[in-house]
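A.B. asks: next comes the sequence, and after it the predicted model I'd like to discuss.
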Amino acid sequence: MAAAGLMIVYLLAAGIGGAVGAFLRYFAVEISGKYTKFPAGVLIANIIGTFLLALTTLYAAKEINGWGGIFEHIELMTFFFNTGVCGSLTTFSTFSYNNLIYWEEKKYFPLAANILLNIILCTAAVFTAILLVYYNI
């Protein structure tokens with residue numbers, strides 16, 4: 001496939017993935033908003049998106065190093081998931097905005113909880129992906 005045609009395919013993959021990720025994030029935020037005032041939907045979206053990003057990146061690295069011949073398909077998959085789905089699903093800007101609101105309202109416990117939970121649970125999601133891809137756990 002010509003370079004321009006391949007670029008269009010990659011842009012479409014990222015765009016379609018972005019639409020999927022945006023829908024998933026909206027769904028997570030709306031559902032959790034019915035049960036709590038804490039931004040649990042953003043936290044859930046960040047954990048799932050981080051996990052998917054780590055999982056697809058690690059899987060791609062493992063497959064490329066192992067087989068090499070399927071690089072183009074793996075690269076397209078990572079464009080769809082990493083750039084598209086995970087780029088729209090995870091939301092650092094909303095995370096930061098929620099933190100700013102907590103700071104302005106002097107709600108320091110929810111501020112600290114939001115920061116710590118996002119960092120700790122998203123890091124745990126990365127380690128879980130490592131265990132799944134490299135250790136078949």
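C.D. replies: Yes, it's here.

A.B. asks: just the element for Ser88, please.
C.D. replies: Assessed by DSSP states H and E, Ser88 sits inside helix 87-89.

A.B. asks: swap in Thr94?
C.D. replies: Taking DSSP H and E as the definition, Thr94 sits inside helix 92-104.

A.B. asks: CA atoms of that helix as PDB?
C.D. replies: Only the C-alpha atoms of helix 92-104 are listed here, as PDB (Å, rounded to 0.1, in the frame of the first residue of the first chain):
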ATOM      1  CA  PHE A  92      -5.500  13.900  32.000                       C
ATOM      2  CA  SER A  93      -7.200  17.200  31.400                       C
ATOM      3  CA  THR A  94     -10.300  16.200  33.300                       C
ATOM      4  CA  PHE A  95      -8.200  14.700  36.000                       C
ATOM      5  CA  SER A  96      -6.400  18.000  36.400                       C
ATOM      6  CA  TYR A  97      -9.600  20.000  36.300                       C
ATOM      7  CA  ASN A  98     -11.100  17.900  39.000                       C
ATOM      8  CA  ASN A  99      -8.000  18.400  41.100                       C
ATOM      9  CA  LEU A 100      -8.200  22.200  40.500                       C
ATOM     10  CA  ILE A 101     -11.800  22.300  41.700                       C
ATOM     11  CA  TYR A 102     -11.000  20.300  44.800                       C
ATOM     12  CA  TRP A 103      -8.100  22.700  45.500                       C
ATOM     13  CA  GLU A 104     -10.300  25.800  45.000                       C
END
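
A.B. asks: in the helix or strand following it, which residues are buried?
C.D. replies: Next along the chain after helix 92-104, taking DSSP H and E as the criterion, comes helix 108-135. For helix 108-135, burial by neighbour count (16 or more other C-beta atoms under 10 Å) applies to Pro110, Leu111, Asn114, Leu117, Asn118, Cys122, Ala125, Val126, Thr128, Ala129, Val133. Every C-beta, even on glycine, is put in place using the N, C-alpha and C of the backbone.

A.B. asks: identify, from those, the entry nearest to Thr36.
C.D. replies: Using C-beta to C-beta, Pro110 is the member of those that sits closest to Thr36, with 10.5 Å.

A.B. asks: gap between that closest one and Thr78?
C.D. replies: According to C-beta to C-beta, to the nearest Å, Pro110 stands 34 Å off from Thr78.
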